[in-house]
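J.: Okay, sequence plus prediction incoming.
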Amino acid sequence: MSAPPALPFALPPEYTQLRGVVRELAEKHIAPRAAEIDRSGEFPWDVHDALARSGFHAPHIPEEYGGAGADALATVIVIEEIARVCAASSLIPAVNKLGTLPLLLAGAEELCERYLPPVARGEAMFSYALSEPTAGSDAAALQTTARRTDDGWVLNGVKRWISGAGESRFYTVFAATDPSAGPHGISAFIVEKDDPGVSFGAKERKLGIRGSPTREMYFDDCRIPQWRLIGEAGEGFALAMRTLDHTRVTIAAQAVGIAQGALDVALGYTRQRRQFGKPVAEFQGVQFMLADMAMRIDAARSLTYQAASSSQAGSQVLTYLGAAAKCFASDVAMAVTTDAVQLLGGYGYTQDHPVERMMRDAKITQIYEGTNQIQRLVIARELLREAADRPAGREESARMR
Ligand code: COS
């Protein structure tokens, strides 16, 4: 008798194989470096190059541009496995996806052909510049301007909290091209690190993800040619939001990976740590904590993979699922890493074990790519919008289909 067909909730074997390959690379090349990356705060070019040799530094780039052509779920698995050992390193593929996605969603073919292959080859990284000192959650309130000239645009302003800034060669920059039009007067541009008028601030001194540089980015009469506009003028804000719908899924993946890493350390420790004559893992209080950690991680992973599938399909529920996965998984990562520190006791509070770093790294996942308060707002808006759109008497939600 032939084996019954796998139910849809089983991952196809190519994804489990991919996980095995990334895990091996992460354990061999990244895990031994993670503590030092955190301590030094230096961008880990050796990790970047090790990832690039396997195409894991920007796996989402389509094959037609020289990339690995990983779909959204495969990209999530790559990020999750890297984050399991080093969250800062997992920002390499995550930021490359964030920076290039506006181009992939709305860029002219010539722009894609020019800017994506160097990223696919590992010669350049690509960052995303939306936030500003006074435009964080209220992203449409940005002050950076792009003034049209005869042959292009002149940018002026300040961006803040830019992941990869200074190390990335390319940037998607959002600027107001018609400040009177609010969100409908924002446009997206490609800016290069070496463009005249571009400079960077000092590295932020952060609680976690220290190996991922975060800087301000300054535009001082920065002139760029017309063809660097991504999509149409005035459509930049919607493009920024569409991008985040997809990339919030990658933050969810990062959070799941951090949490899994912390659980794995806690399992190892509690099985070997002996108190009162036996391993502490044999105490029911400890077992209940481990059980809660595992349940939460598996629930977060399921939601994240569902969101990845929706990202790949370009489904209308992605706005909801991307926000839900990011919010849920990052709250799980914070809770699980905090419990892992607790399970290691005094040892967990020291830098001799990785869980304190994991706890510090987890915190950012509740903040960036939209705070979890913004995610809940997005989720509620989607629920209410969908309920209002539904024909009277029909209770089935798009989320259930
Ligand atoms: N996809 C496509 N278009 C979208 C969209 C989405 N997910 N979200 C909003 N838009 C469009 C809206 O449809 C609207 O266009 P119309 O007026 O034509 O309908 C326009 O963009 C303005 O949207 P909205 O009125 O919802 O904007 P708000 O100023 O209310 O902002 C929030 C909405 C708060 C959700 C948004 O600013 C946000 O996500 N903030 C967090 C930003 C963030 O994540 N920052 C992190 C930076 S990257 S580390």
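T.: In hand now; what should we look at? Residues are numbered from 1 along each chain as shown.

J.: Show me what counts as buried in stretch 42-50.
T.: Going by neighbour count (16 or more other CB atoms under 10 Å), the buried part of stretch 42-50 is 43-44, 47-48, 50. (C-beta placed from N, C-alpha, C; glycine too.)

J.: now do stretch 348-357
T.: 348, 353-357.

J.: Ok, stretch 283-295 next?
T.: For stretch 283-295, the neighbour count (16+ other CB under 10 Å) marks 286, 289-290, 293-294 as buried.

J.: Show me which pair in the buried residues of stretch 42-50 is furthest apart.
T.: Of all pairs drawn from the buried residues of stretch 42-50, the widest gap by CB to CB lies between F43 and A50 and measures 13.6 Å.

J.: List the contacts of V332.
T.: The neighbours of V332, taking CB atoms under 8 Å, 6 or more residues apart in numbering as the test, are 255-256, 259, 296-297, 299-300.

J.: 6 Å - rerun?
T.: For V332, the contact set (CB atoms under 6 Å, 6 or more residues apart in numbering) comprises 259, 296, 300.

J.: Specify the local secondary structure of it.
T.: At V332, secondary structure determined by DSSP: H, G, I helix; E, B strand; the rest coil is helix.

J.: try W153
T.: strand.

J.: circling back: please render the contacts of V332 as TSV that adds secondary structure and neighbour count to the earlier fields.
T.: TSV is the format used below for these (DSSP: H, G, I helix; E, B strand; the rest coil; neighbours: other CB atoms under 10 Å):
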residue	secondary structure	neighbour count
A259	helix	32
R296	helix	21
A300	helix	24
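
J.: I'd like those residues laid out as TSV, including distance to K97 and pLDDT.
T.: Listed next are the contacts of V332 as TSV, based on distance: CB to CB, whole Å; pLDDT from 0 to 100:
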residue	distance to K97	pLDDT
A259	20	99
R296	25	98
A300	19	98
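
J.: Relative to the ligand, which of those is nearest.
T.: Nearest to the ligand, judged by CB to the nearest ligand atom, of these is A300 at 19.3 Å.

J.: surely the closest one meets G257?
T.: No. Taking contacts as CB atoms under 6 Å, A300 lies outside contact range of G257: 10.3 Å.

J.: In which helix or strand does A294 reside?
T.: When secondary structure is defined using DSSP states H and E, the element that contains A294 is helix 284-313.

J.: what kind of secondary structure is the residue in the stretch 301-401 of the chain positioned nearest to the ligand in?
T.: Taking CB to the nearest ligand atom as the measure, the point where the stretch 301-401 of the chain comes nearest the ligand is G370, at 3.0 Å. Going by three-state DSSP, the secondary structure assigned to G370 is coil.

J.: State the distance from it to A176.
T.: When CB to CB, to the nearest Å is applied, the distance between G370 and A176 equals 20 Å.

J.: doesn't T75 fall inside a helix?
T.: Yes. The assignment for T75 is a helix, going by three-state DSSP.

J.: Next, the contact list for it, please.
T.: 59-60.

J.: same thing with the one 5 residues further on?
T.: With contact taken as CB under 6 Å, 6+ apart, E80 is in contact with 253, 256-257.

J.: Let's have these in a markdown table, adding neighbour count.
T.: Shown next, in a markdown table, are the contacts of E80 (neighbours: other CB atoms under 10 Å):
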| residue | neighbour count |
| --- | --- |
| A253 | 34 |
| V256 | 35 |
| G257 | 32 |
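
J.: From one end of stretch 155-169 to the other, what's the distance?
T.: 17 Å (CA to CA, to the nearest Å).

J.: hmm, who's touching it?
T.: Outside stretch 155-169, the residues that touch it by CB under 6 Å, 6+ apart are 43, 95, 124-127, 129, 131-133, 143-146, 175, 193, 200, 212-219, 222.

J.: Not counting residues beside it along the chain, what's closest to L105?
T.: Distances taken as CB to CB, 6 or more residues apart in numbering put R242 closest to L105, at 6.0 Å, once the chain neighbours are dropped.

J.: what's the helix or strand for that neighbour?
T.: Using DSSP H and E, R242 sits within helix 236-272.

J.: check contacts around the residue nearest the centre of the chain.
T.: Per CA atoms, centre = their mean, the C-alpha nearest to the average position across the chain is that of I251, at 3.5 Å. Contacts for I251 (CB under 6 Å, 6+ apart) come out as 326, 365, 369.

J.: now M125
T.: If you count contacts by CB under 6 Å, 6+ apart, then M125 has 96, 164, 168 around it.

J.: between the residues you listed, which is nearest the ligand?
T.: When the contacts of M125 are compared for distance to the ligand, the smallest value, 11.0 Å, is given by G164; criterion: CB to the nearest ligand atom.

J.: From K28, how far out is the closest one?
T.: 24 Å.

J.: Just want to know which of those two has more residues nearby.
T.: G164 (26 against 11; other CB atoms under 10 Å).

J.: Find the nearest non-adjacent residue to that one, please.
T.: S127 (4.0 Å).

J.: The one you found contacts L98, doesn't it?
T.: No. In terms of CB under 6 Å, S127 does not count as a neighbour of L98; the distance is 7.5 Å.

J.: Around the ligand, pick out the residues from this structure.
T.: 130-131, 137, 139-140, 183, 237-238, 241-242, 244-245, 319, 368-370, 374, 378 (CB under 6 Å from any ligand atom).
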